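# Give me a 3D structure for the following:
(chains A, B, C and D)
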2 protein chains.
Amino acid sequence: MYNKAVTRIAIIEDDETIREGYAYLIDHTSPYQVVNTYASFETAKHQLAKDNPDVILLDIQLPGVSGIDALPLIKKMLPQVYVIILTVFEVEKTILDALANGASGYFTKNTPSAKIIDAIKEVIMGGGPMSPNVARTVIRSLQKNFDSPLTKREAQILDLISKGKDRSQIASELFIEVETVKTHVKNIYIKLNVNSKADAIKIAKANRLI
Amino acid sequence: MYNKAVTRIAIIEDDETIREGYAYLIDHTSPYQVVNTYASFETAKHQLAKDNPDVILLDIQLPGVSGIDALPLIKKMLPQVYVIILTVFEVEKTILDALANGASGYFTKNTPSAKIIDAIKEVIMGGGPMSPNVARTVIRSLQKNFDSPLTKREAQILDLISKGKDRSQIASELFIEVETVKTHVKNIYIKLNVNSKADAIKIAKANRLI
DNA sequence: CACAAAATCCCGCTTTAGGGGGTATTTTTT
DNA sequence: AAAAAATACCCCCTAAAGCGGGATTTTGTG
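All right, here's what the predicted structure looks like:
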């Protein structure tokens, strides 16, 4: 695929302005060819195999079958295709779902066309391009899952502490006893090797634990 | 000008992809006509009077004379022209300078073309469109200057409180006495009409005072 | 299922931070 | 010169913070 004369692109995006805008710009950039554009997955699914795209730009917020749900179906039809997600959403879970389902890249819709074209190039070369905000979110969530010594509850409580809440406020907000909050705080301090609110907040923020 | 057959647009923007992308899309939208595009103010300045545009899309980061410096010159040449700023910068001062110098609108470059076209329409009608981020920045800075009841020192102290610092830590960090910090805190509470750290932080963050 | 990890809860103890109220002096700004 | 901001000190009291211990229940994963 690396040495094909042209890279075939398909776009599935319901907003006509965005769809045609990207299509025009990509189609006028060598060696890219926009083989088809669709406003929904339903209209795309019967054509996609024939289109045989190398790269699909896929919107998340599609009418009918969402981009997230469409992803595994697309990968089943075209196992070797590279999918680049286009979306206005930057919600952590959506992003991770998309990546888990086999998306190769992830961009928000405010991304300039030039960046998208670079992304197509990168994705063909095996890279995983994504917009800085998204990258940051992904990295942060990965760090949260793997690097954080704090449990979810502990991170949650430390976050509330960082908002200036005291133990009784935290307790009632989380529907638990003050004593439980105390225990969590004690464990947080032990884990972070500190002995005050301010230090815990500083360490946690520096390490993006909260 | 409201009733002219076409609205004449000029674009001054050094990035060719962005310039041609916007030009293409705007030119293909009735009743807009892109009369000329330039990569710098130097190349534009001798032509602009002849072009006689109704609206100019102006980049800030131009080679040579910057967009900010070009603005007053443009307004001198074409006093009635509407200028919409395009930029990647969202820095408060730059934005306020541009608006103070007579820009009618302000957008960052990730703005979809459709929004730009809407903006041209609005600007012709006398509106002052800007992208949400920019609007937020402007509003925030206006609020900071005019609405904030807190003095600089008070805002600074409240910020340290929001970081979990206690009074003695704040005192030594600012090289003042704990009692002085107490006084500031008291005044903050009075001004914000609260009586606890958590509430002060909440109010201050909601009103972007810190 | 079984084991570990996480989350929950409780007691006693000491220190100190936080908040209320009041007053006053020195800078800085206008 | 007057106003606004920043500085500093006093007393009082409560509740929060932090330290030490121990215990149970829930959840998750092999």
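
# And the helices in chain A?
Remark: helices assigned in chain A by DSSP state H are A:16-27, A:41-51, A:67-77, A:92-100, A:113-124, A:132-146, A:152-162, A:167-174, A:178-192, A:197-206.

# Tell me, how many residues neighbour A:Glu16?
Using other C-beta atoms under 10 Å in any protein chain shown, A:Glu16 has 11 neighbouring residues. Quick note: C-beta positions are derived from backbone N, CA and C, even for glycine.

# With A:Ala70 instead?
When neighbours are counted by other C-beta under 10 Å, A:Ala70 registers 25.

# Over to the one 10 residues further on?
The tally of other residues near A:Gln80 (other C-beta under 10 Å) stands at 8.

# likewise A:Lys50?
Neighbour count for A:Lys50, taken as other C-beta under 10 Å: 8.

# Pull up the gap between it and DNA strand C, please.
To DNA strand C, A:Lys50 is 48 Å away according to C-beta to the nearest atom of the strand, to the nearest Å.

# residue ranges with poor pLDDT in chain A?
Scanning chain A for pLDDT under 70 picks out the ranges A:1-5, A:60-61, A:64-66, A:68, A:72, A:87-148, A:206-209.

# My guess is A:Thr7 contacts A:Asn52. True?
No - with contacts counted by C-beta atoms under 8 Å, A:Thr7 stays clear of A:Asn52, the gap being 11.5 Å.

# quick one, which of those two is more surrounded?
Higher neighbour count among A:Thr7 and A:Asn52: A:Thr7, with 22 against 12, using other C-beta under 10 Å.

# which one is A:Ala198 nearest to, not counting chain neighbours?
Leaving aside its chain neighbours, A:Ala198 sits nearest to B:Gly164 (4.1 Å; criterion: C-beta to C-beta, 6 or more residues apart in numbering or on different chains).

# residues contacting the one you found?
Contact analysis of B:Gly164 by C-beta atoms under 8 Å, 6 or more residues apart in numbering or on different chains lists A:161-162, A:164, A:196-198, A:200-202.

# Contacts only, for the closest residue to A:Asp166 other than its chain neighbours.
Once flanking residues are discounted, A:Asp166 sits nearest to B:Ala198: 6.9 Å by C-beta to C-beta, 6+ apart. When contacts are counted by C-beta under 8 Å, 6+ apart, B:Ala198 is found next to A:163-166, A:169.

# Could I have the buried ones of the residues you listed as PyMOL selection syntax?
Filtering the contacts of B:Ala198 down to the buried ones (16 or more other C-beta atoms under 10 Å in any protein chain shown) takes a single PyMOL command:
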select buried, chain A and resi 163+164+165+169
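
# Return the subset of the contacts of B:Ala198 lying in strands.
Of the contacts of B:Ala198, none are assigned to strands by DSSP state E.

# Run through the contacts of B:Ala198 and flag the ones next to DNA strand D.
When contact is defined as C-beta under 7 Å from any atom of the strand, the contacts of B:Ala198 meet DNA strand D at A:Asp166.

# For the contacts of B:Ala198, work out which two are farthest apart.
In those, the most distant members under the criterion C-beta to C-beta are A:Lys163 and A:Asp166, with 10.5 Å between them.

# circling back: buried among the contacts of B:Gly164? Need that as a selection in PyMOL.
Buried members of those, defined by 16+ other C-beta under 10 Å, are picked up in PyMOL with:
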select buried, chain A and resi 161+162+164+197+198+200+201+202
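
# and the contacts of B:Gly164 as a markdown table, adding distance to B:Ile188?
As requested, the contacts of B:Gly164 are exported to a markdown table (distance: C-beta to C-beta, whole Å):
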| residue | distance to B:Ile188 |
| --- | --- |
| A:Ile161 | 20 |
| A:Ser162 | 18 |
| A:Gly164 | 12 |
| A:Ser196 | 22 |
| A:Lys197 | 19 |
| A:Ala198 | 18 |
| A:Ala200 | 24 |
| A:Ile201 | 19 |
| A:Lys202 | 22 |
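
# Keep the contacts of B:Gly164, but drop any that are not near DNA strand C.
Applying C-beta under 7 Å from any atom of the strand to these, none is adjacent to DNA strand C.

# For A:Glu13, state which of the contacts of B:Gly164 is nearest.
Nearest to A:Glu13, judged by C-beta to C-beta, of these is A:Ser162 at 39.2 Å.

# Contacts only, for the closest one.
Here A:Ser162 is in contact with A:201, A:204-205, A:210, B:162-164 (C-beta under 8 Å, 6+ apart).

# give me that answer again for 7 Å
A:201, A:210, B:164 (C-beta atoms under 7 Å, 6 or more residues apart in numbering or on different chains).

# Quick check on the last one: phi, psi?
Think B:Gly164. With angles defined as degrees, to the nearest 10, B:Gly164 sits at phi 90, psi 0.

# near DNA strand C, which residues of chain A show up?
Counting by C-beta under 7 Å from any atom of the strand, the residues of chain A near DNA strand C are A:151-154, A:174, A:176-177, A:179-180, A:182-184.
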